[in-house]
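Trainee: next input, structure requested:
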Amino acid sequence: QVQLVESGGGLVQAGGSLRLSCAASGRTFSAHTMGWFRQAPGKEREFITGIHWSGRTTYSSDSVKGRFTISRDNNKNTVYLQMNSLKPEDTAVYYCAAQRYYSSSSVATESEYDYWGQGTQVTVSS
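Mentor: The predicted model follows:
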C-alpha cells in the first residue's frame with residue numbers, strides 16, 4: 001500500500017510559479033511510476049505528466065510542455081511538479097498518483113494508477 005500526500009498548492013497570479021510536492025509512504029517508492037493529473041471545474045481529470053520508475057519522463061500535452069517539469073527524489077520518497085508561466089486555465093485540483101510496484105503499464109493512462117493523493121488546489125488569477 002502506498003499513501004500519497006500532496007502539498008504546495010495555492011493562489012498565484014498569471015505568469016507566476018508553483019512547485020507541488022507529493023510525499024509517498026513506504027520503502028518501494030523508487031519502484032513506482034508516478035504521475036500528476038488535474039481536474040478543472042466541470043471537466044474530467046486529465047493526465048499532465050508522469051515519470052517512469054526507471055527515470056523516463058512523459059508529458060501530456062503541448063499546453064504544459066516547456067512550462068511544467070516533473071522530477072523525483074527517491075531518497076526523499078517525493079515527486080515534484082514545477083509549474084512555471086502559469087495561466088488561468090491551469091486552475092484545477094492537482095493529484096499525485098502511483099502505479100503498482102514495477103509496473104510496465106503506460107505512464108499516461110489514468111486507469112493504470114492504483115494509488116491517489118487527496119489533491120491540492122491550484123488557482124491562477126488573471
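Trainee: in its sheet, which strands sit next to the helix or strand bottoming out on mean pLDDT in the chain, and in what direction?
Mentor: None of the helices or strands of the chain scores lower by mean pLDDT, DSSP states H and E than strand 57-59, at a mean of 74. In the sheet, strand 57-59 lines up against strand 46-51 (antiparallel) (DSSP bridges).
Trainee: list of residues touching the partner strand?
Mentor: Contacting residues not belonging to strand 46-51 are listed as 33-39, 57-61, 64, 68-72, 79, 81, 94, 107-110 [CB atoms under 8 Å, 6 or more residues apart in numbering]. No exception for glycine: its C-beta is placed from N, CA and C like everyone else's.
Trainee: give me that answer again for 6 Å
Mentor: Contact with strand 46-51 is made by 34-38, 57-60, 64, 70, 72, 107-108, as judged by CB atoms under 6 Å, 6 or more residues apart in numbering.
Trainee: chain center to stretch 68-84: distance?
Mentor: In this view, stretch 68-84 has its centroid 8 Å away from the chain centroid, taken as CA atoms, centre = their mean, to the nearest Å.
Trainee: if we can go back for a sec, would you mark the buried spots in the least confident helix or strand of the chain?
Mentor: Neighbour-count burial for strand 57-59, counted by 16 or more other CB atoms under 10 Å, picks out 58-59.
Trainee: phi, psi for the most centrally placed residue in the chain please.
Mentor: Centrality entry for the chain: nearest residue to the mean C-alpha point is residue 36, 2.1 Å, by CA atoms, centre = their mean. When read as degrees, to the nearest 10, the backbone of residue 36 gives phi -120, psi 140.
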